[in-house]
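here's my sequence, what's the structure:
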Amino acid sequence: MADFHYMVDTECYIGPDTIFKLPFLAGKYTNRALLVADPNLAEFEILDKIQATLQGRSIETILFDELAKTADVQTIDNAVELAHGSRAPLIIAIGGIRALHCAKAVACLAPGKRSTITLIDGEPVQEEPLRLILIPTTLRDPFLLSGECIITDSRNSAAVHVTVGKGIEKAVIIDPNLSQKMSQKMKAAAILDGMMSVAEGLVSTKANFYADLLLNKAMVLYVEALNAIIERPDDPAGLESACNAQFLAALGLSTTSPGLGTALTYAINSRWHIPKANVATVVLPYLMEELATIQVEKIAHLHFLFGEEKRDETADQKAAFVIESLRTVLGMLKIPSRLKDFELNLEYLVQTAEVSRAMSFLSFHPRNITVDEIFDFIKKIY
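Next up is the predicted model:
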């Protein structure tokens, strides 16, 4: 058995109204912070409330909400320039994945004079990063606690997997109240996206007993959340389960690895600006079929989440039941089931296969996979 080592550096708060912990956390570090925020939150008055709460503790915030469709090079460089000018020693990020990943890169780059391109190209950053507090609002992020992020390379619109530093996330606040304004379909798509990353982590070659424990429980909670959101859209219990699942998934994935579906969805999102969660809903059932051919027992183990336990059936039958159950859910939600539904041209997706394979975490896919095999998978789901 391989040695196992894990250290937690991040202070985490999960639950309703935990957002009110923010002034306490920020006040431990500074009286000035750069707030990297998803612009969509402005219409819900969430940003005004957060800034007012911080101001009540005499913490000045400089708002940066000029985010592009993804965490791209130009956006990050602009935010770094603002961080330099404000001399803020703390970065607070609130919103979806693009806001969080942009903030991670800013926290890494702001203490020095390097550009985002140098980070993408793999040049090491010597300076200590700025303090970073993350407040996710979209129920999933496979890199939330891993010290990693995805940046869009402005030279070719390719998604690039970047390690900014283990433990860069000093604090994380996951408050289900911040996700209430998402539509039912947005919530469901985000949960299915989270489930995809969890399944990938379970079969990764980096999987371990700790990750298995966390990810299996995360999957239970994600399915509970999905059922609640479909059957009782206004029940806050669904969002609470999803937020708990997001936290456990992030903990588990910080010791294992996401996989093919995550790579594909980021690659498509960066190149064509299609929401990552929407692409994940298409990829998920086909990905589960792929994973079931490699580690059928781990997929079969999930069957009890979708109905009564099937003691007399084989692992293959149980795995098939899981996949069919997912397709039934997608049908109920009337979510696109093919990549062509997003008006993508198949010939352009060859580059997507290349970009996906270049992501370093695909080295931990449960079997060696080539660019040609990834493109074959893309054709299958097209």
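
which of the three states applies to the nearest residue to I97 once chain neighbours are set aside?
Spatially, and ignoring its direct neighbours in sequence, I97 is nearest to D141 (5.2 Å; Cβ to Cβ, 6 or more residues apart in numbering). C-beta coordinates here come from the backbone N, C-alpha and C atoms, glycine included. The three-state label given to D141 by DSSP: H, G, I helix; E, B strand; the rest coil is coil.

dihedrals phi and psi, D141?
phi -170, psi 110 (degrees, to the nearest 10).

need the contact list for it.
Counting by Cβ atoms under 8 Å, 6 or more residues apart in numbering, D141 touches I97, L100, Q246, A250.

most neighbours among the residues you listed, please name it.
When neighbours are taken as other Cβ atoms under 10 Å, the top entry among those is Q246 (31 neighbours).

buried residues in the host helix or strand of that one?
Element membership for Q246 (DSSP states H and E) is helix 236-253. By 16 or more other Cβ atoms under 10 Å, the buried positions in helix 236-253 come out as 238-253.

likewise stretch 16-34?
T18, I19, K21, L22, P23, L25, A26, Y29, R32, A33, L34.

where does the fifth one sit: helix, strand or coil?
Right, P23. Put simply, P23 is helix when judged by three-state DSSP.

which among the buried residues of helix 236-253 gets closest to G112?
Using Cβ to Cβ, A250 comes nearest to G112 of those, at 27.2 Å.

now do A2, the pLDDT please.
Per-residue pLDDT puts A2 at 63.

thinking again about what came up before, next helix or strand past the helix holding Q246?
Next along from helix 236-253, by DSSP H and E: helix 260-272.

can you give me the helices in the protein?
For the chain, the helices defined by DSSP state H cover 22-27, 46-56, 73-86, 97-109, 116-120, 184-203, 209-231, 236-253, 260-272, 276-292, 296-300, 315-333, 349-358, 371-381.

so which of those is nearest I133?
Evaluated over the helices of the chain, closeness to I133 peaks at helix 22-27, with 5.8 Å, by Cβ to Cβ.

contacts for the closest one next, please.
So helix 22-27 is contacted by 11, 33, 50, 53-54, 56-57, 59, 90, 92, 133, 135, 171, 173 (Cβ under 8 Å, 6+ apart).

ok, stretch 363-375 next?
203-206, 256-257, 259-260, 264, 291, 294-295, 349-350, 353-354, 356-357, 362.

end to end, how far does it reach?
End-to-end distance of stretch 363-375 (Cα to Cα, to the nearest Å): 17 Å.

lowest-confidence helix or strand of the protein?
Least confident helix or strand of the chain, by mean pLDDT, DSSP states H and E, is helix 46-56 with a mean of 90.

so how far is that one from its chain's centroid?
25 Å (Cα atoms, centre = their mean, to the nearest Å).

in that helix, what counts as buried?
Neighbour-count burial for helix 46-56 flags I46, L47, I50, Q51, T53, L54 (criterion: 16+ other Cβ under 10 Å).

ok, now stretch 267-283?
Applying a neighbour-count criterion of 16+ other Cβ under 10 Å, one finds 267-272, 274-283 buried in stretch 267-283.

which stretches of the chain aren't confidently modelled?
Along the chain, segments meeting pLDDT under 70 span 1-2.
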